[in-house]
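Asker: here's my sequence, what's the structure:
(chains A, B, C, D and E)
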Amino acid sequence: MDIATLLGIVSGTGLVLAAIIAGGGAIAFFNVPAILITVGGTIAATLINFPLSKVIGVFSVVKKTLLCKLPSAIGEIERIVKLAKVARSEGLLALENVLEEVKDPFLQKGIQLLVDGTEPEVLQDVLATELEQLRARHGLGKKILESMGAAAPAFGMIGTLIGLVQMLRNLQDPAGIGLGMSTALLTTFYGSLMANLIFLPLAGKLDMRSKQEMVSRQLIIEGVAAIQAGLNPRLIEEKLKSFVAPKQRSQLAAARSAT
Amino acid sequence: MDIATLLGIVSGTGLVLAAIIAGGGAIAFFNVPAILITVGGTIAATLINFPLSKVIGVFSVVKKTLLCKLPSAIGEIERIVKLAKVARSEGLLALENVLEEVKDPFLQKGIQLLVDGTEPEVLQDVLATELEQLRARHGLGKKILESMGAAAPAFGMIGTLIGLVQMLRNLQDPAGIGLGMSTALLTTFYGSLMANLIFLPLAGKLDMRSKQEMVSRQLIIEGVAAIQAGLNPRLIEEKLKSFVAPKQRSQLAAARSAT
Amino acid sequence: MDIATLLGIVSGTGLVLAAIIAGGGAIAFFNVPAILITVGGTIAATLINFPLSKVIGVFSVVKKTLLCKLPSAIGEIERIVKLAKVARSEGLLALENVLEEVKDPFLQKGIQLLVDGTEPEVLQDVLATELEQLRARHGLGKKILESMGAAAPAFGMIGTLIGLVQMLRNLQDPAGIGLGMSTALLTTFYGSLMANLIFLPLAGKLDMRSKQEMVSRQLIIEGVAAIQAGLNPRLIEEKLKSFVAPKQRSQLAAARSAT
Amino acid sequence: MDIATLLGIVSGTGLVLAAIIAGGGAIAFFNVPAILITVGGTIAATLINFPLSKVIGVFSVVKKTLLCKLPSAIGEIERIVKLAKVARSEGLLALENVLEEVKDPFLQKGIQLLVDGTEPEVLQDVLATELEQLRARHGLGKKILESMGAAAPAFGMIGTLIGLVQMLRNLQDPAGIGLGMSTALLTTFYGSLMANLIFLPLAGKLDMRSKQEMVSRQLIIEGVAAIQAGLNPRLIEEKLKSFVAPKQRSQLAAARSAT
Amino acid sequence: MDIATLLGIVSGTGLVLAAIIAGGGAIAFFNVPAILITVGGTIAATLINFPLSKVIGVFSVVKKTLLCKLPSAIGEIERIVKLAKVARSEGLLALENVLEEVKDPFLQKGIQLLVDGTEPEVLQDVLATELEQLRARHGLGKKILESMGAAAPAFGMIGTLIGLVQMLRNLQDPAGIGLGMSTALLTTFYGSLMANLIFLPLAGKLDMRSKQEMVSRQLIIEGVAAIQAGLNPRLIEEKLKSFVAPKQRSQLAAARSAT
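Answerer: Numbering: from 1, shown residues only, chains lettered A, B, ... in the order given. So this is what the prediction gives:
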């Protein structure tokens, strides 16, 4: 799991809980109807806005983003260079034998198309379309999370308005004023917390992650094209290195000299 | 009807109603003057902003978006491939005989133009113009709904200000303070609810739907052009498949092998 | 006058007035100093922001937009086709005789340039420059109205702050608290109402209208160019029809068959 | 000085002062610590955000924008046409004699380069670079003013929060509550007024002015290039007229016929 | 250190402290739990949003931006012209002898590549990639700071909501109301101050600085390319001067004539 995300969610939640408990009466902050209207309202607005399947899909995208470690670009380059050496010495068809060793399904698909003798333009088209699909899926995921980040405080405020109207109609009971108002404020609290600790930061993370994954896929597309063109493995490595930062390049040099 | 939208509106409204009823005195939340000023003000601002015919039109666009099921891209491709086979074996004129079976008016128009022997460029122009009209209509619909989503909370606040000014002038009656203030807050409540549960999510849905419909129409334009060019039905299917997600493509393969 | 705009302003104002009167003490909502600071502050900020002549100009642009009915595109096309027939049968110079019948000053200018034997490129340039001027004028008008829509609530809040500071210094007079606060809120009420019922919707209307007018002018530019090129009137009609929606095109067909 | 700006600042300030004085106790609105925290905080944030020299520079840009009258485009065209006539009849070198009569330093620089026999491309480059510098200076000025317009209300609110915290700790003195709260609100009042009456409108004015000045400079660049190319003065006038609105063009015609 | 930034932070903090101390009870403004929830919440949200290494990296970028003085463009040009003279008179390889005198690592890398006899296109590519990396690093730094500038007030408000809910549940203790509310407001105060005095202005500074550094690097890239092309040092100086403002150009002339 992505350590920073875990750290952020745990520490953020912990801090809020600590502040609540330190003030005493933590139980007052747990109010089922208030949770229902904030969470429920946010989900309802999201369901109206987006197709049901996409809303469900966003959770799996988020889960995958957080749990799966992105393969390092350096490892990716080494793997492609190794495949290039095989193709160079034994021919494109020999790649079929090492196909099972390739874990990344995107690279696997590219190699499969190579082995099938697909035309270069068609191969580029197929992989680029796949890339576009992923970008669209991530883009929609970000949009859904941002829309939830806008809906949560709005429904928090709607819940507070309902509570205030109810409280104001019972002003004759002075003891109830503080209690009513504190309960009314809970939905605004839930909405703000959900938006600022969960939805908006996750939308940002998805965006960061999507950009990294796009770069990694473009590296694969370039690499597969270079193998198909029969380029020298050394030259392929040089070309692909332009995708990684200078600091990482030296790791690559180190890895190579270690071999 | 679009299930998610229905679910969202029903569950959102239900949750709000439950919160109101649970607090007791639900009747207090139903206030005709407050509804009049929020809903009326929103409509008034919308009428100033947009031509009358377009404002009325937005409701039919929304209704159509929610009620009509979008034809699946897979079905669309199968239909076009079938037409391509007819055209290939019996000539373009033979398409006239199957014209009545075509339900989609956009595809029908394209086929009619084919049968009439329209020049390829003119045919493309006519269909593209039609597409542009639809996009503009959907775009304006989204703009109107978003503008209503901005006007509703604004008029809610205006109503609350009116109520507050009136309440503050009668402070000598302490019993009336709570009542006056709770009534004043109702318009803000209505405005927020309308914007966040109806106008803004519907604007988002219209946008999603519009994008899907655009893709489906572009698929038809490409398909009709390919039929006119006399391409092999097999090749047409390959070309059109790039419009659908990989998951759906396997459905297409399954459908074909089932035949 | 534009019916929807009139309807919107009258119904919006009427609803607000009704809410005020229904609450009793309508006279309290009419406060000259509050009006002065909100309206005056908005005008002052607008004068600093924009040149004096443009601020004055925006009112005439708005008035013209609301009062003058936009000529229908269909009528425009018919008029141009009629002129094309004259030019075709009797030569470009014969257009001078029908020049007076042309009401639209933009079309008139185009025909005058035709009759003067202006070079095609120069003619296009002159008309396009005129179009650009109009677009800039409308664009600036929209910007001024939007800036007023932002200034009005801001000065409303400034007025409220002044009132609150004054009221808070006299807390010893409890009777005055409610009165002072209600008066302080009036400026915020005026500012919100002006922005949301007048400035922002009018800015939107100006934008809609500007886009329609641009299309109508581009239709004229195309038409004049086609007449100059000596195209067949039938072909000119076909070309210009691409500017109008399909629904309107059938009106054109009906009109023609009625002749 | 720019009349509208002067009028706006004077009338806006006057209205606010009138509202303050009319309410009595005007002296309460003048609070040195409140002014210090709002003005000082805004300046502090601006100094962190922008280089010191640019912040100081923005005041001179604003002063120049307000005080210097922009030369009319018509006068500019007449001056260039006059220079073109001299160059046409007596040669480019003869322009050196009239160089001192040229007031505008930008036009002067252009003529000087002409007299020096600079290559056309270099001349264009030098003048275009100068134009770019001015646009960047104005653009940065606008950005600084807008950033001050955002910082002023923020520090107004920070001041109010400080005041509120201090007041709330002394609730036992009821007489002090109103006084403390009214003082606390002063900073929000100062911040809003500064942003909406000074910073934001001035940023808008700078933008308007910058656009006008750009057009005037481009007119000079075109004119100097035309003189260098040895074009007919009549033709130069025709070309430059496309930069001015139709209404102004008739002024030009009038001026010429008056000669 | 950047003087304006130091001045801004010191004066801004000083003003706020002065306002706090002047009101008495400064100790009340120092509240550890309030600091924890505002600062901690902001950091937590940032960790969820951005990769851990990038969040840590932003502090070093900010520190470097504030502490390192940007080399003056004039000095940069003089240094490049000096290198060009060496290359012109003694050949490209002679640059190796002066390589150690070059302090700027970017220029040093460029010269090293020159000496190594790198192909012009490759040299351009390598330096441009390096430039792109820096821009991306600065761009991400700005995004992180802006996101912290949005999170700080949000968590300030969340802290205030927690405090309000707790205070409202203990209304029976009137003495505690003011104290509770003043403590609750502290987090909003911290959040606003952090965002408006630290995060947002620093994001702006990073952006300004990044743009300046980009120009300085592009100047080096142009200069190295010109040296490689064997251009006349005089011409190189002319070319590079287009990167600096006219005012600075005269400094260059002065520096040269002083030699």
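
Asker: going forward, measure contacts and count neighbours with C-alpha atoms only.
Answerer: Noted.

Asker: pretty sure A:Leu206 is touching A:Lys64, no?
Answerer: No - under the criterion of CA atoms under 8 Å, A:Leu206 makes no contact with A:Lys64, lying 10.2 Å away.

Asker: flag the shaky bits of the stretch 51-200 of chain A, pLDDT-wise.
Answerer: Judged by pLDDT under 70, the stretch 51-200 of chain A has no weakly predicted residues.

Asker: point out the residues in it that sit beside chain E.
Answerer: For the stretch 51-200 of chain A, the residues in contact with chain E (CA under 8 Å from any CA of the partner chain) are A:175, A:178-179, A:181-183, A:185-186, A:188-189, A:192-193, A:196-198, A:200.

Asker: spatially central residue in chain A, please.
Answerer: For chain A, the residue nearest the mean C-alpha position is A:Leu206 (3.1 Å; CA atoms, centre = their mean).

Asker: can you list phi and psi of it for me?
Answerer: With angles defined as degrees, to the nearest 10, A:Leu206 sits at phi -60, psi -40.

Asker: coming back round to it: can you turn the buried part of the residues of the stretch 51-200 of chain A next to chain E into a ChimeraX selection?
Answerer: Here is the ChimeraX command that selects the buried residues among these (16 or more other CA atoms under 10 Å in any protein chain shown):
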select /A:178,179,181,182,183,185,186,188,189,192,193,196,197,198,200
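
Asker: looking at the residues of the stretch 51-200 of chain A next to chain E, which one is closest to E:Ala45?
Answerer: Distance ranking of those against E:Ala45, using CA to CA, places A:Leu197 first at 5.5 Å.

Asker: hmm, A:Gly14 and that closest one touching each other?
Answerer: No - at 11.6 Å, A:Leu197 and A:Gly14 do not qualify as touching, with contact defined as CA under 8 Å.

Asker: so what's the residue of chain A at minimum distance from chain C up against?
Answerer: The nearest approach of chain A to chain C comes at A:Leu168, 17.4 Å away (CA to the nearest CA). With contacts taken as CA atoms under 8 Å, 6 or more residues apart in numbering or on different chains, A:Leu168 has the following neighbours: A:177, B:178-179, B:181-182.

Asker: secondary structure added to the residues you listed, as CSV?
Answerer: Putting these into CSV (DSSP: H, G, I helix; E, B strand; the rest coil) gives the following:
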residue, secondary structure
A:Ile177, helix
B:Gly178, helix
B:Leu179, helix
B:Met181, helix
B:Ser182, helix
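
Asker: which of these lies closest to chain D?
Answerer: Ranking these by separation from chain D, with CA to the nearest CA as the measure, puts A:Ile177 on top at 19.6 Å.

Asker: so that closest one makes contact with A:Leu171?
Answerer: Yes - here A:Ile177 lies in contact with A:Leu171, judged by CA under 8 Å, at a distance of 6.5 Å.

Asker: now do the same end-to-end measure for stretch A:191-211.
Answerer: Length of stretch A:191-211, first residue to last, CA to CA, to the nearest Å: 29 Å.

Asker: roughly how far out does it sit from the chain middle?
Answerer: 9 Å (CA atoms, centre = their mean, to the nearest Å).

Asker: please apply the same query to stretch A:111-130.
Answerer: The chain centroid and the centroid of stretch A:111-130 are separated by 27 Å, computed with CA atoms, centre = their mean.

Asker: kindly report the same for stretch A:124-134.
Answerer: Relative to the mean C-alpha coordinate of its chain, stretch A:124-134 is positioned 19 Å out (CA atoms, centre = their mean).

Asker: buried residues, it. List them.
Answerer: Judged by neighbour count (16+ other CA under 10 Å), stretch A:124-134 contains these buried residues: A:124, A:127, A:129-131, A:134.

Asker: next one: stretch A:209-217
Answerer: Residues A:209-210, A:213, A:216-217 are the ones in stretch A:209-217 that count as buried (16+ other CA under 10 Å).

Asker: could I get the contacting residues of A:Ala226?
Answerer: Contact partners of A:Ala226, counting by CA under 8 Å, 6+ apart, are A:Ile236.

Asker: A:Val115 contacts A:Gly91, correct?
Answerer: No - taking contact to mean CA under 8 Å, the distance of 9.6 Å between A:Val115 and A:Gly91 leaves them out of contact.

Asker: more neighbours: which of those two?
Answerer: Higher neighbour count among A:Val115 and A:Gly91: A:Val115, with 18 against 13, using other CA atoms under 10 Å in any protein chain shown.

Asker: what pLDDT does the residue nearest to the centre of chain A get?
Answerer: In the predicted model, A:Leu206 carries a pLDDT score of 91.

Asker: for it, which non-adjacent residue is spatially closest?
Answerer: Taking CA to CA, 6 or more residues apart in numbering or on different chains, and ignoring the residues beside it in sequence, A:Leu206 has A:Lys142 as its nearest neighbour in space, at 6.3 Å.

Asker: tell me if I'm right that the one you found and A:Ala203 touch.
Answerer: Yes - under the criterion of CA under 8 Å, A:Lys142 is in contact with A:Ala203, at a separation of 4.8 Å.

Asker: how about the strands in the stretch 151-259 of chain A?
Answerer: Across the stretch 151-259 of chain A, reading from the start of the chain, there are no strands by DSSP state E, counting those that start in this stretch.

Asker: got the residues of the stretch 51-200 of chain A near chain D?
Answerer: Within reach of chain D by CA under 8 Å from any CA, the stretch 51-200 of chain A has no residues at all.

Asker: helices of the stretch 51-200 of chain A, residue ranges please.
Answerer: Secondary structure of the stretch 51-200 of chain A by DSSP state H, counting those that start in this stretch: the helices cover A:52-67, A:73-90, A:95-98, A:105-115, A:120-168, A:174-193, A:200-228.

Asker: give me the common contacts of A:Ile177 and A:Leu171.
Answerer: Between them, A:Ile177 and A:Leu171 share no contacting residue, judged by CA under 8 Å, 6+ apart.

Asker: just say which of the helices of the stretch 51-200 of chain A is most tucked in.
Answerer: Of all the helices of the stretch 51-200 of chain A, helix A:174-193 has the most neighbours on average by mean count of other CA atoms under 10 Å in any protein chain shown, namely a mean of 23.

Asker: show residues contacting that one.
Answerer: When contacts are defined by CA under 8 Å, 6+ apart, helix A:174-193 is touched by residues A:29, A:31, A:34-35, A:37-39, A:152-157, A:159-164, A:166-168, A:170-171, E:154-155, E:158, E:161-162, E:164-166, E:168-172.

Asker: switch to 7 Å and redo it
Answerer: The set of residues that contact helix A:174-193 without belonging to it, under CA atoms under 7 Å, 6 or more residues apart in numbering or on different chains, is A:29, A:34-35, A:38, A:152-153, A:155-157, A:159-160, A:163-164, A:167, A:171, E:158, E:161, E:165, E:168-169, E:171.

Asker: now swap in stretch A:67-81 and tell me
Answerer: The contact list for stretch A:67-81, computed with CA under 7 Å, 6+ apart, reads A:1-2, A:216, A:223, A:233, A:236-237, A:240, A:244, A:252.

Asker: just the buried subset of those, please.
Answerer: A:216, A:223, A:233, A:236-237, A:240, A:244, A:252.

Asker: which SSE is A:Gly12 in?
Answerer: helix A:3-22 (DSSP states H and E).

Asker: gap between the residue nearest to the centre of chain A and chain B?
Answerer: The span separating A:Leu206 from chain B equals 20 Å under the rule CA to the nearest CA, to the nearest Å.

Asker: with A:Thr129 instead?
Answerer: For A:Thr129, the distance to chain B equals 7 Å [CA to the nearest CA].

Asker: check what pLDDT the spatially closest residue to that residue that is not a sequence neighbour gets.
Answerer: In space, A:Thr129 comes closest to B:Ser242 once its chain neighbours are excluded; the distance is 7.2 Å by CA to CA, 6+ apart. Note for B:Ser242: predicted pLDDT of 72.

Asker: go on, the one 5 residues further on?
Answerer: Residue-level confidence at B:Lys247 comes out at 66, pLDDT.

Asker: equivalent analysis for A:Val224, please.
Answerer: As summarised for this prediction, A:Val224 has a pLDDT of 92.
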